[in-house]
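Q: Got a sequence here, can you build the structure:
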Amino acid sequence: MTLRPVVSVIVLLAAVLTSPVSRAEAASLEEVTGFGSNPGNLRMFRYVPPGLGAGRPVVVALHGCTQSASAYDDEPGWVAMAQRAGFALVLPQQQSANNASACFNWFEAGDTARGSGEALSIKQMVDRTVGDLGSDAGRVFVTGLSAGGAMTAVMLATYPEVFAGGAVVAGLPYRCATSLVQAFSCQNPGVDLSPQQWGDKVRAAATATHRPKVSIWHGTSDYTVAYRNLNESMEQWTDVNSADQIADSTETVNGATHKSYADASGATVVETWSIPGMGHGQPIDPGTGPDQCGAAAPYILDVNLCAAVYITRFWGLT
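A: Numbers count the residues shown, from 1 in each chain. As a prediction, this is how the structure comes out:
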């Protein structure tokens with residue numbers, strides 16, 4: 001094995017470098033303990049906007065490797081969106097005892113199956129939040145960047161009844177890898193399966209009468225998680241949601257290509273956002289305008305497009 005793929009996969013599994021966080025931002029998060037059996041041995045942090053009442057949505061945001069919960073709250077714009085749209089923000093945090101780079105173990109079979117490991121720990125965090133706050137259990141969503149994006153796909157596949165929607169940012173399809181060795185080729189150059197093969201992996205994870213809608217984001221110059229993973233993820237989630245792989249609409253937004261995929265009823269169930277020239281990271285657009293959010297940091301990239309804004313709109317929260 002050459003050095004380059006080894007280094008590359010380490011970057012994936014160590015995804016996003018910790019970025020500076022002010023004391024005020026860190027203090028806005030509360031750690032919650034005793035949220036269940038926690039078989040994945042994760043920590044739970046939460047941000048609840050002041051005055052948030054009962055019956056409001058919940059968004060789970062999953063950090064990248066070497067990050068903490070406090071490094072993935074304000075930088076991508078999720079705190080701002082929680083305040084604007086009125087939802088509780090749950091931020092799971094990995095521990096180095098589980099993974100030396102503090103990565104969610106998206107490539108370990110025991111952590112990506114329903115009823116076990118890290119997947120169950122995250123589901124228990126949702127249950128605790130809904131119970132504590134009287135949140136709307138029908139409006140729970142999950143998103144994440146890079147390794148966190150891969151874990152987002154895990155949650156959508158293993159607990160489809162829990163999540164109304166998700167957003168995979170610079171991530172990977174569910175069960176693209178079930179070991180660290182497989183993660184190398186999964187990350188780059190990527191794994192090519194048919195839509196049905198990808199969909200079968202999700203259908204095998206859990207029986208469902210409902211499948212979450214999914215937003216998928218990727219930069220065309222991402223050499224950490226190959227850009228082709230956008231298409232593989234699209235194929236997986238369109239197949240699962242009974243849609244074909246031909247976009248029903250295409251538009252350009254601030255230079256990015258946005259495609260929508262509808263099911264037989266005409267409901268949009270999957271969307272993709274392709275950002276030309278963007279490397280590995282989450283798109284942001286710092287500012288105070290209605291379409292803006294975020295603060296530039298390593299792998300939090302100012303490309304004049306705030307993913308968090310458009311994701312929450314796709315979910316129907318704004």
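
Q: how about Cys186, what does it touch?
A: Phe107, Leu172, Cys176, Ala177 (CB atoms under 8 Å, 6 or more residues apart in numbering). The C-beta positions use only the backbone N, C-alpha and C, and glycine is treated the same way.

Q: So for it, what's the pLDDT?
A: Listed pLDDT for Cys186 reads 95.

Q: Tell me if it really is in a strand.
A: No. Using DSSP: H, G, I helix; E, B strand; the rest coil, the assignment for Cys186 is helix, not a strand.

Q: I'd like the distance between it and Thr178.
A: 10 Å (CB to CB, to the nearest Å).

Q: any residues in contact with both of the two?
A: Joint contacts of Cys186 and Thr178 (CB under 8 Å, 6+ apart) are Phe107.

Q: Assumed Ser260 was part of a strand.
A: Yes. Counting by three-state DSSP, one finds Ser260 located in a strand.

Q: That one and Ser249 touch, don't they?
A: Yes. The criterion here is CB atoms under 8 Å, and Ser260 meets it with Ser249 at 4.7 Å.

Q: Looking at those two, which has the bigger crowd around it?
A: Ser260 (16 against 11; other CB atoms under 10 Å).

Q: can you pull the pLDDT of that one?
A: 98.

Q: residues contacting it?
A: Contacts of Ser260 (CB under 8 Å, 6+ apart): Ala247, Asp248, Ser249, Thr250, Thr268, Val270, Glu271.

Q: Please report which of the residues you listed has the highest neighbour count.
A: Most surrounded of the contacts of Ser260: other CB under 10 Å gives Val270, at 27 neighbours.

Q: So that residue lies in a strand, does it not?
A: Yes. Judged by three-state DSSP, Val270 forms part of a strand.

Q: Not including adjacent chain positions, what is the nearest residue to it?
A: Tyr261 (4.3 Å; CB to CB, 6 or more residues apart in numbering).

Q: Phe35 now?
A: Arg128 is the one closest to Phe35 (CB to CB, 6+ apart), at 3.9 Å.

Q: quick one: secondary structure of the one you found?
A: Per three-state DSSP, Arg128 ends up helix.

Q: Report the separation between it and Gly34.
A: 8 Å.

Q: Counting neighbours, go ahead and name the busier of these two.
A: Using other CB under 10 Å as the criterion, Arg128 and Gly34 rank with Arg128 on top: 18 against 7.

Q: Isn't the more buried one up against Ser37?
A: No. Using CB under 8 Å, Arg128 makes no contact with Ser37, being 11.7 Å away.

Q: Which neighbours do the two have in common?
A: With CB under 8 Å, 6+ apart, Arg128 and Ser37 have no common neighbours.

Q: Which member of the contacts of Ser260 is positioned nearest Glu118?
A: Val270 (24.8 Å; CB to CB).

Q: who's that closest one bridged to?
A: Here Val270 shows beta-bridge partners Val214, Tyr261, assigned using DSSP bridges.

Q: Quick check: chain neighbours aside, which residue is closest to Ile122?
A: Pro92 (5.3 Å).

Q: mind saving the C-alpha coords of the strand or helix carrying that neighbour as PDB?
A: For Pro92, the host element (DSSP states H and E) is strand 88-93. Below are the C-alpha coordinates for strand 88-93, written out as PDB (Å, rounded to 0.1, in the frame of the first residue of the first chain):
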ATOM      1  CA  ALA A  88     -33.000  21.800  20.300                       C
ATOM      2  CA  LEU A  89     -29.500  20.900  19.100                       C
ATOM      3  CA  VAL A  90     -28.000  17.500  20.300                       C
ATOM      4  CA  LEU A  91     -24.200  17.200  19.900                       C
ATOM      5  CA  PRO A  92     -22.800  13.700  20.500                       C
ATOM      6  CA  GLN A  93     -19.100  13.500  21.300                       C
END
